[in-house]
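A.B. asks: Test case, fold it:
(chains A, B and C)
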Amino acid sequence: MTLAPALRIEHLSVAYDDRPVLENVNLELGRGKLIGIVGPNGAGKSTLLKAILGLTPKLLGSIELLGEPLRGADLRLGYVPQRESVDWDFPVTVAEVVAMGTYGRVGWFRRPSAAERTRVQRALDQVGLSEYASRQISQLSGGQQQRTFLARALVQDAEVYLLDEPFAGIDATTEEALIEVLLDLRAQGRTLVAVHHDLGTVAKFFDEVVLLHRHVLAFGPPDEVLTPTLLEVAYSSKSTSRSAWGA
Amino acid sequence: MSPAATWSLVIALLAAGICSALGVWLVLLRQSLTGDGISHSVLPGLVLVFLLFGTRANLAMMLGAAVAGLLTVWLSREISRLTRIREDASLGVVFTIFFAIGVILITRSARQIDLDPGCVLYGLVEFVGFDTIAWAGYDVPRTLPILVITGVIVAAFLTLFHKELALMAFDPSLAHALRRHPHRLYLALMAMVALTTVACFEAVGSILVIALLIAPAATAQLLTRRFAPMMIGALVGGASAAVAGYFLAVRWNTSIAGMIASVLGAQYLLAVILISLLQRSRRSISARGASDPVLGGSV
Amino acid sequence: MWTYNTAIVLIGAALLGAQCAVVGTFAVLRRRALLGDVLAHAALPGIVLAFWLTGNRSLPILLTGAASTGLIGIAILAYLKKRSRTREDAALGLVLSVFFGIGIALSRYVQNAVPGGGKAGLDTFIFGKTAGIVLADVLGVALVGALSLVLVMGTFKELRMVSFDPQFAATQGYPVVFLDLLMMGLVVVAVVVGLPMVGIVMVAALTILPAVAARFWTSRLPVLLALAATIGMVATSLGALWSAAQPGWPTGPVMILLAGGLFVLSALFAPHRGLITDLRRRSRARAALAEKAAEELLRARQTVTLSDLSRLGFRRPRQTLELLVSRGVALARAGTWVWANPPAPSEDRS
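C.D. replies: Sure thing, here's the model as predicted:
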């Protein structure tokens, strides 16, 4: 008996208003893999993550998580949004942001237990932010902010992680910490799916790559996906992306 | 102080406490003007309850007003979701129309209703001590039980849902992923704002409600980047403004609501000045370290 | 009902409606729809101060006072935006409530302290009194309106740039701060002129509703401005006529209801951007996507059932499949649908 894939996406279509953003996306993402999603701007990379999370309603298609149909949000799905998507002036400390990762487990009306707080501390250690634990988040550098999000993802303790551009605009220390954490999670059999913008570093980071441009153009090991022919198809076909909008 | 005067102060303090605490979340969510919208649009709710059921019973009118307030929030969200109108514009559209309907209803039924739109705006803190009922064996202002109950509800809501509110305000998409239902929580918070607006405005007037929702939180936000100090600062600011505003109003023989709002403005102004002085001195210290001491501070 | 007085009121109301709509359009585009509301409230203390300082109750003096505190409100908004961590929504709410509170405190003080202070006619300004309009007022509105129009036309290019994309405008060297101030100044002038006629909330509504309603019909700025002005004029003049004919109907709120009605009509029925065409277009696009998806599914699996499609979230699986049958792409066979193996792969039909 083989294990069900981490995520099985069948015939997924998503539209904003009358404009299709994703069409007929079929993917089977295996467990314990580090998977990158690449594609030009507006290819629907973030939308794919949001559709899996149920943040964006899907028009058609079904999504299975670890062999079970996914309905709405699921605690076995972890999410690391883009860094710019939140207000870094918000009055919370680094430790409080990390602790937010436990809120799904902790439940309503309760505070995180001592065990959860230890977990938060360990996650902060792992990303090298323990001395910043009680700082307010606006005092962090961009890389430290990204590591805060990473620590939060760690305490979420999910089976499948969805990360939106985790490598964007970070320093070398953070990149190192990020890769270390991702590899660590993969070693534990978890699956990591990350939207990535830099084609040059794809082969360095990921086991498998999805080349996305409204459809899945290719999926497989980086050297098979990132061929000149396929990239040409993905990055030069501007005409298809906006056809419905102009109508 | 006469008993009536003491009651005015107590009522003002209660309203200040409830509004300032709730306002912290409105300001953090960047939804300050929702308080403005809600406080205008409760008017038709009040009038309709009165016209339909012929009652001035507190609970029924409060319910009608709160429903109108919540309807405003929900409608303006739906309008901007379904069309391309931005949320500030759809809020403006909805609450002005609601307010117009309210005024028309009042004027058309002038003989049956003695709701003065003016008193909706300024409130009647001065007179709360003269309009009393028996409550738990004591003679208390009619608005006191309402405010106390509202205060308990709001305090319970903010305490019980603190961590979910923080998650929703900071990162709504994670809140969704963790099944914390950010949209419903947002509407629940707005229901609290509607309830508070309605409970307070008969006592202190809608303008003071708006000022108390926004000003203490905005002032505290200037002074700290941490949540607990911001909440405490807002509560202290709101309460001290209520006391100072009350006594200044008595001294100058003017409107208590107006004076409290003025003091709130003065507090904010002080905070702005304080912060800019601090920044200037910090900048000149760092400039002195680097360059000519005379020219350093001239920027 | 066509008396001299009605004509005066009508002209004044129409001019006010047009002026508020034009300046409001820029505010709405700049994502400051509630600016008119804020500045109308901020004008109140100015009215009281003007009366207190001069002891004069004539309209030009009171409105000069109103405009002054309105302008102070703008200066504060601009300063806070540039220099403080307070967000724009809180800054707007602060100016609105604090200025209005000061206005109330001042007015009560004057009323109690100054012999014969009365209320400085404050209620007139909060709720408005259209019927009291005289020829001089209309001339005033016309003058101010013409001045505003000249300013808008003179800086049209710049205002357009700043209201659509302030960041880009700044990089292009446009004086964004100055243009912002100008835009807000125009709003102050418009609402101050409108205060005695329709009152605070109603004059705020006049800066929002026509602009938002007009937005459903066009995305070209000159057309948008003309349309908003027209909607504003129709609402205000019909409102004035209505309450002239039917005493006992408050003018301002009737105008707002009319403008609100025009908003609802526009939101529902405008071609292209109205809700009904929009929803219809969305559902058409969805149906087309569903048809395409079903075709690909059928080609991949060769045979599908209704439950396959329902599981994938198709809303009308039977209709979609029947559409494929009618196109000769699928064949219906006892509860299942099979790929008809059409000779040529169906090319892009668009």
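A.B. asks: Settle this for me: residue C:194 is touching residue C:204, isn't it.
C.D. replies: No - using Cβ atoms under 8 Å, residue C:194 makes no contact with residue C:204, being 9.0 Å away. Glycine gets a C-beta too; all of them are placed from N, C-alpha and C.
A.B. asks: list residues touching both of those two?
C.D. replies: Contact criterion Cβ atoms under 8 Å, 6 or more residues apart in numbering or on different chains; residues shared by residue C:194 and residue C:204: residue C:40.
A.B. asks: Looking at these two, which one has more neighbours?
C.D. replies: Each of residue C:194 and residue C:204 has its neighbours counted (other Cβ atoms under 10 Å in any protein chain shown); residue C:204 has more, 32 against 29.
A.B. asks: Quick check: the more buried one vs chain A, distance?
C.D. replies: As judged by Cβ to the nearest Cβ, to the nearest Å, residue C:204 and chain A stand 28 Å apart.
A.B. asks: What residue, apart from its backbone neighbours, is nearest that residue spatially?
C.D. replies: Spatially, and ignoring its direct neighbours in sequence, residue C:204 is nearest to residue C:37 (3.5 Å; Cβ to Cβ, 6 or more residues apart in numbering or on different chains).
A.B. asks: remind me which residues of the stretch 1-150 of chain B are low pLDDT?
C.D. replies: Scanning the stretch 1-150 of chain B for pLDDT under 70 picks out B:55-57, B:110-122.
A.B. asks: Tell me the spacing between the residue of it found nearest chain A and chain C.
C.D. replies: Closest to chain A within the stretch 1-150 of chain B is residue B:28: 6.8 Å, counting by Cβ to the nearest Cβ. Using Cβ to the nearest Cβ, one gets 9 Å for the distance from residue B:28 to chain C.
A.B. asks: quick one: the strands in the stretch 1-150 of chain B?
C.D. replies: Taking DSSP state E, counting those that start in this stretch, the strands of the stretch 1-150 of chain B run over residues B:132-135, B:138-141.
A.B. asks: just those: most buried one?
C.D. replies: Burial of these is given as mean neighbour count (mean count of other Cβ atoms under 10 Å in any protein chain shown); strand B:138-141 ranks first at a mean of 16.
A.B. asks: so what does that strand touch, helix or strand wise?
C.D. replies: Strand B:138-141 is packed against helix B:3-28, strand B:132-135, with contacts defined by 3 or more Cβ pairs under 8 Å, 6 or more residues apart in numbering or on different chains; DSSP states H and E.
A.B. asks: Pull up the per-residue confidence for residue 185.
C.D. replies: I went with chain A, as the question did not name one. pLDDT, residue A:185: 92.
A.B. asks: wait, chain B
C.D. replies: pLDDT, residue B:185: 96.
A.B. asks: give me the element the nearest residue to it once chain neighbours are set aside is part of.
C.D. replies: Among residues not flanking residue B:185 along the chain, residue B:168 sits closest, at 5.3 Å (Cβ to Cβ, 6+ apart). According to DSSP states H and E, residue B:168 maps onto helix B:162-170.
A.B. asks: for residue A:87, same thing?
C.D. replies: Residue A:87 belongs to no helix or strand, assigned by DSSP H and E.
A.B. asks: For residue A:33, see how far away residue A:64 is.
C.D. replies: 16 Å (Cβ to Cβ, to the nearest Å).
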